[in-house]
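[1] sequence and predicted structure, then a few things I'm wondering about:
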Amino acid sequence: MSKFNYQIFGLLIRSSLEIPGLDEIHSEYTDVNILFGPTPDHIADLVLSGVLFESSRDEFLLKLPNVGNYYVKAGNLIVIDPKPNATPDELRLFLLGSVFGAILYQRGFTPLHGSSVKVRGKAIIIIGRSASGKSTLAASLVQSGYPLISDDLSAILKNSGICVIFPGTPFIKLWKDTKDLLFPEEYYKRVRPQINKFNIPSNAHSDDSNGVEIQTIIHLEASKTNSYHTESVNGACKLPILREHLFRDQFVTGMGMMNHHFDLLSSLSNQAKIYHVRRPSLPLDIETLKKLIINEILEK
Amino acid sequence: MNRPQKIIIWLVSYPKSGNTWVRIFLKHILTEVTVDDPGIPSLNDIPIASNRSLIYQFLSTASSNLTHDEIRNLQPAIHREFSSH
């Protein structure tokens, strides 16, 4: 079976599953192998289990009834056991989401649930709950010429005392209404055949394989206001906001790594400016939000 | 994360029999109401078993990546997990 070599989150990946849209690289060395094969039924030294997953310090098992099982070990191996009817797009969706989240945790990254763009050489991360508009805002900023660093999963490490984020895959996932608004003329593939969410390739993408220094974090919230509002978050209020947005934080509790993540997040809360941005729940006026973010935060 | 309150109330009723109204007054009873703000709680602030943040809390993947049928099939496991925590 042919193998594809990529770089994602600064890691050298050797994959049996093709990931279209990523440039192939040539490398003798591999950080993470992605193979097809049988996965264990359970994890032996189970520390934590939840709906659809089991995990320990260095193992993670995700079992998706209609897609397949994914087994992640020691930060360097991902085994995929697909269900017969699973499409490659579906397999990639969960691989590049939860499964990569698990491998990043195993390798000591601190992943945040957020999307990121590059502004004058520094990273801006947009965090927020599901459906707060992270990807929508990121997509509209990319349309305005800011290169994408990552969508949904932000992989962070401390490098010589500075928190940096590594570029993910060059796609943004958007629901149909947002896609139609931002990219009305274009044809894109659905993330899964039954789901009205689309994979949009970003036309500008960061290729900083050593990471990008994080300068600003935008905490986006859909709320019951009628207006758009930004305010700076200061002091002791910063850390809890970051803690709340650890990517799939249910994975971490069983790994005994919380002190490590707290250390990084507290460095990050000292390093980065954090803004709380409120937007009306519905409707979202993307142009207004984008202009506010650019004028009040990015280009201030 | 906005963890749901750890009080589970199963409200079982036919459609149109007033369960939304009962949810509002249950929330009102269970919330400390101040003199300054005696208002009726918004439906958005009343946790419900089908709430997306509850699903997210116990699921290892974003609920938006799952189909309606998949989420429906997972509901019993999610509720089991919620009640055992």
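    It's in.
[2] residues of the stretch 101-250 of chain A that sit close to chain B?
    Contact residues, the stretch 101-250 of chain A versus chain B (Cβ under 8 Å from any Cβ of the partner chain): A:129-131, A:152, A:191-192, A:194-195, A:197, A:224, A:244, A:248-250. (Each C-beta comes from the backbone N, C-alpha and C, glycine too.)
[3] show me where pLDDT drops low in chain A?
    A:1 (pLDDT under 70).
[4] mind naming the longest helix for it?
    In chain A, taking DSSP state H as the definition, the longest helix is helix A:258-271.
[5] that one: how far from the chain's middle?
    What separates the centre of helix A:258-271 from the centre of its chain is 18 Å, taken as Cα atoms, centre = their mean, to the nearest Å.
[6] and the next helix or strand after that helix, which strands flank it?
    Moving toward the C-terminus from helix A:258-271, the next helix or strand (DSSP states H and E) is strand A:273-280. Paired neighbours of strand A:273-280 in the sheet (DSSP bridges): strand A:212-223 (parallel), strand A:229-233 (antiparallel).
[7] any idea of the angle strand A:273-280 forms with helix A:258-271?
    Using axes from the mean of the first three to the mean of the last three Cα atoms, to 10 degrees, the direction of strand A:273-280 lies 90 degrees away from that of helix A:258-271.
[8] and for strand A:273-280, what are the contacting residues?
    For strand A:273-280, the surrounding residues in contact (Cβ atoms under 8 Å, 6 or more residues apart in numbering or on different chains) are A:133, A:215-233, A:238, A:241-242, A:289, A:292-293, A:296-297.
[9] quick one: residues in contact with the helix or strand following that strand.
    The element immediately downstream of strand A:273-280 (helix or strand, assigned by DSSP H and E) is helix A:286-293. Residues outside helix A:286-293 that contact it (Cβ under 8 Å, 6+ apart): A:133, A:136-137, A:140-141, A:144, A:178, A:181-182, A:218, A:228, A:230, A:277, A:279.
[10] now intersect those with the helices, please.
    Per DSSP H, the contacts of helix A:286-293 map to helices at A:136, A:137, A:140, A:141, A:178, A:181, A:182.
[11] which of those ranks first by neighbour count?
    Within these, neighbour counts (other Cβ atoms under 10 Å in any protein chain shown) peak at residue A:136, which reaches 26 neighbours.
[12] and the buried ones among the contacts of strand A:273-280, selectable in PyMOL?
    Selecting only the buried entries of these in PyMOL, with 16 or more other Cβ atoms under 10 Å in any protein chain shown as the criterion:
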select buried, chain A and resi 133+215+216+217+218+219+220+221+222+228+230+233+238+241+242+289+292+293+296+297
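[13] find the nearest non-adjacent residue to the residue in chain B positioned nearest to chain A, please.
    Among the residues of chain B, residue B:60 lies closest to chain A, at 3.6 Å counting by Cβ to the nearest Cβ. Nearest residue to residue B:60, sequence neighbours excluded (Cβ to Cβ, 6 or more residues apart in numbering or on different chains): residue A:53, at 3.6 Å.
[14] neighbours of the one you found, how many?
    By other Cβ under 10 Å, the residues close to residue A:53 number 23.
[15] residues contacting it?
    Residue A:53 makes contact with A:60, A:61, A:62, A:63, A:98, A:251, B:60 under the criterion Cβ under 8 Å, 6+ apart.
[16] same question, residue A:116
    Counting by Cβ under 8 Å, 6+ apart, residue A:116 makes contact with A:123, A:124, A:125, A:126, A:138, A:148, A:149, A:150, A:154, A:165, A:212.
[17] please name the nearest non-neighbouring residue to the residue in the stretch 151-300 of chain A positioned nearest to chain B.
    Relative to chain B, the nearest point of the stretch 151-300 of chain A is residue A:194 (4.6 Å; Cβ to the nearest Cβ). Among residues not flanking residue A:194 along the chain, residue B:67 sits closest, at 4.6 Å (Cβ to Cβ, 6+ apart).
[18] again with residue A:176
    residue A:196 (4.5 Å).
[19] hang on, the one you found packs against residue A:190?
    Yes - here residue A:196 reaches residue A:190: they are 7.1 Å apart, a contact under Cβ atoms under 8 Å.
[20] that older thread, can I get the residues of the stretch 101-250 of chain A next to chain B in TSV with secondary structure?
    Below are those laid out as TSV (DSSP: H, G, I helix; E, B strand; the rest coil):
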residue	secondary structure
A:129	coil
A:130	coil
A:131	coil
A:152	coil
A:191	strand
A:192	strand
A:194	coil
A:195	strand
A:197	strand
A:224	coil
A:244	helix
A:248	coil
A:249	helix
A:250	helix
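[21] name the member of those with the most neighbours.
    Counting neighbours by other Cβ under 10 Å, the top entry in those is residue A:152, with 24 neighbours.
[22] residues touching residue A:85, list them.
    In this structure, residue A:85 makes contact with residue A:66, judged by Cβ under 8 Å, 6+ apart.
[23] list the residues that contact residue A:173.
    A:135, A:151, A:152, A:191, A:197, A:198, A:199, A:200.
[24] now with 7 Å?
    Contact criterion Cβ atoms under 7 Å, 6 or more residues apart in numbering or on different chains gives A:135, A:151, A:152, A:191, A:197, A:199 as the residues in contact with residue A:173.
[25] from residue A:60, how far off is it?
    22 Å (Cβ to Cβ, to the nearest Å).
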